[in-house]
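In: I'd like to go over a predicted model; first the sequence, then the structure.
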Amino acid sequence: MSTYKVSIDRSACIGDAICTALSKNWFMDSDGKASFHRETIDDSEYESNHEAEISCPVAIINIEKLS
Ligand code: SF4
């Protein structure tokens with residue numbers, strides 16, 4: 001079982017909500033920018049979070065393998 005760290009450069013988020021359509025870990029916050037529920041995820045959530053990472057049009061989502 002691997003774990004991964006989720007991060008985002010929120011200052012550059014354009015609020016198009018693509019990530020929220022791809023992963024339940026992501027939601028649109030009250031300021032119109034994306035946020036995530038869990039900073040540390042495991043293999044069961046990696047695929048959907050990785051889809052969000054590679055689909056973000058401004059490439060501000062990062063999924064980093066921890067272990
Ligand atoms: S896909 Fe990227 S730009 Fe769009 S809401 Fe999510 S983090 Fe923001």
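Out: Alright, I've got the coordinates. Numbering: from 1, shown residues only.

In: Show me what from the protein comes close to the ligand.
Out: Neighbours of the ligand within the chain, by Cβ under 6 Å from any ligand atom: 8, 13-19, 34, 56-58, 60-61. The C-beta positions use only the backbone N, C-alpha and C, and glycine is treated the same way.

In: Serialize those to TSV and add fields for pLDDT.
Out: Formatted as TSV, the residues of the chain next to the ligand follow (pLDDT from 0 to 100):
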residue	pLDDT
I8	98
C13	98
I14	98
G15	98
D16	98
A17	98
I18	98
C19	98
A34	99
C56	98
P57	98
V58	98
I60	99
I61	99
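
In: What are the boundaries of the helices in this protein?
Out: 18-22, 43-55 (DSSP state H).

In: Please list the residues outside the shortest one that contact it.
Out: Contact partners of helix 18-22, identified using Cβ atoms under 8 Å, 6 or more residues apart in numbering, comprise W26, F27, M28, A34, S48, E51, A52, S55, C56, P57, I61.

In: again, only using 6 Å
Out: W26, F27, M28, A34, S48, E51, A52, S55, C56 (Cβ atoms under 6 Å, 6 or more residues apart in numbering).

In: burial measure for the last one, as a count.
Out: Number of residues near C56 (other Cβ atoms under 10 Å) recorded here: 21.

In: Now do N62 against the ligand, distance only.
Out: Remark: distance between N62 and the ligand (Cβ to the nearest ligand atom, to the nearest Å) = 10 Å.

In: and the residue lying closest to that residue once chain neighbours are set aside, how many neighbours?
Out: Closest residue to N62 apart from its sequence neighbours, by Cβ to Cβ, 6 or more residues apart in numbering: S7 at 4.8 Å. Applying other Cβ under 10 Å, we find 13 residues neighbouring S7.

In: hang on, S7 packs against I61?
Out: No. Applying Cβ atoms under 6 Å, one finds S7 not in contact with I61, separated by 7.7 Å.

In: Counting neighbours, what do you get for the nearest residue in space to A52 that is not next to it in sequence?
Out: Leaving out its chain neighbours, the residue that sits closest to A52 by Cβ to Cβ, 6+ apart is C19, at 3.8 Å. Taking other Cβ under 10 Å as the criterion, the count of residues near C19 is 25.
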